[in-house]
Structure formats: structure tokens, C-alpha cells
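Colleague: The following block contains a protein sequence and its predicted model.
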Amino acid sequence: MEVQLRDARLTDIDRVLGLIERADSRWTAEGLNSAAEVLRQMVYLPNTTLLVALDGRNLVGVAVLALRPSVISGGLVGTVDLLSAEPGSEDEGVIEAMLHELIRSARNKGCVVLEGAIPTEPSELSRWEAAGFAEAGPRLSCPLVRAAALSR
């Protein structure tokens, strides 16, 4: 498989959603609808990179890099927000190609660190480790919608 990577276009979003749905059964119809709106916005946001992997005309992978400033880290932090490949193409180098492109992109944008969620599958974890990632402990998060409700 020869994979070509490029920035996603608005016309790619429906195919991206189809890939996400096939690649990860945890997505609900409501979640996909929400993701569709966010992905359409990401095409135009300067602090995100929405990357697609193509094999010819077939979309075989998608990745999202989100940037945020961090005082503690001493600069920009890149987060791999989404990394997904067409089922069956994981062993064809799609994930590795997207990870390497995200690392290159984060470095070019001035990030001091690139982070991502710890994969649950050992084979996925080894792909990330081969690209230079290392476990750095779990992270805490606060859903802002819920937090706003608590402050009333």
C-alpha cells in the first residue's frame, strides 16, 4: 500500500466519519454527528491539523493534531486527538505514517511536546513507542459543561 498524506478538505469529512465509524465501534450516531460539526470547523482552524491518509482515492486513515499553549510545558503542546485507520490497514504502515507526520507537523509549529492517550492494545502502544512516545502517567480532565453546572 502506498499512502499519501495531506490536509483534509471539507469534502473529506463524510468519508472521515465513515472511517471512524468502521474503525471504532464505540462511536454512537450522536457522537458522530457532534464529531462531524467539530471536524468541519477544524478544516479552517489554525491551531489544528486534520490529516487524511489516502491509498489512491481510498481514504484509509485520519489524524487530528490540536495545539494549545502551556506555561508548565514552556510553550505549545500538541495533542494527538484522533488517530484512526481503516480496519485491516493498520499493519500496512498507515498509523506509523500518520504518527510521523504529526510529529513533523508539531515540531514545525513549535511544539515542545506532543502527547496522546495511552492506547489500550499492546500492538498500538508499540507503534507509538517506536515513533518516540513514552508513557508519562495518566491525565486528569474536567468536562467544562459539568463544571459550569457545579459552580452555580
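Modeller: That came in fine, so what should we check first? Numbering: from 1, shown residues only.

Colleague: ok, residue 78 touching residue 116?
Modeller: No - using CB atoms under 8 Å as the test, residue 78 is too far from residue 116 to be in contact (9.0 Å). Quick note: C-beta positions are derived from backbone N, CA and C, even for glycine.

Colleague: how about the strands in the protein?
Modeller: Counting by DSSP state E, residue ranges of the strands within the chain are 4-7, 48-55, 58-70, 75-85, 111-116.

Colleague: quick one: which of the ones you listed is nearest residue 102?
Modeller: For the strands of the chain, proximity to residue 102 was assessed by CB to CB; strand 58-70 is nearest, at 5.0 Å.

Colleague: how about the closest one as PDB, C-alpha atoms only?
Modeller: What follows is strand 58-70 as a C-alpha-only set of coordinates in PDB (Å, rounded to 0.1, in the frame of the first residue of the first chain):
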ATOM      1  CA  ASN A  58      -9.400   5.500  -0.900                       C
ATOM      2  CA  LEU A  59      -9.300   7.200   2.500                       C
ATOM      3  CA  VAL A  60      -7.500   4.800   4.800                       C
ATOM      4  CA  GLY A  61      -6.600   7.000   7.800                       C
ATOM      5  CA  VAL A  62      -7.400  10.100   9.700                       C
ATOM      6  CA  ALA A  63      -5.500  12.000  12.400                       C
ATOM      7  CA  VAL A  64      -6.100  15.200  14.400                       C
ATOM      8  CA  LEU A  65      -3.400  17.300  15.900                       C
ATOM      9  CA  ALA A  66      -4.600  20.000  18.300                       C
ATOM     10  CA  LEU A  67      -2.300  22.700  19.700                       C
ATOM     11  CA  ARG A  68      -2.500  24.600  23.000                       C
ATOM     12  CA  PRO A  69      -0.200  26.900  24.900                       C
ATOM     13  CA  SER A  70       1.200  25.600  28.200                       C
END
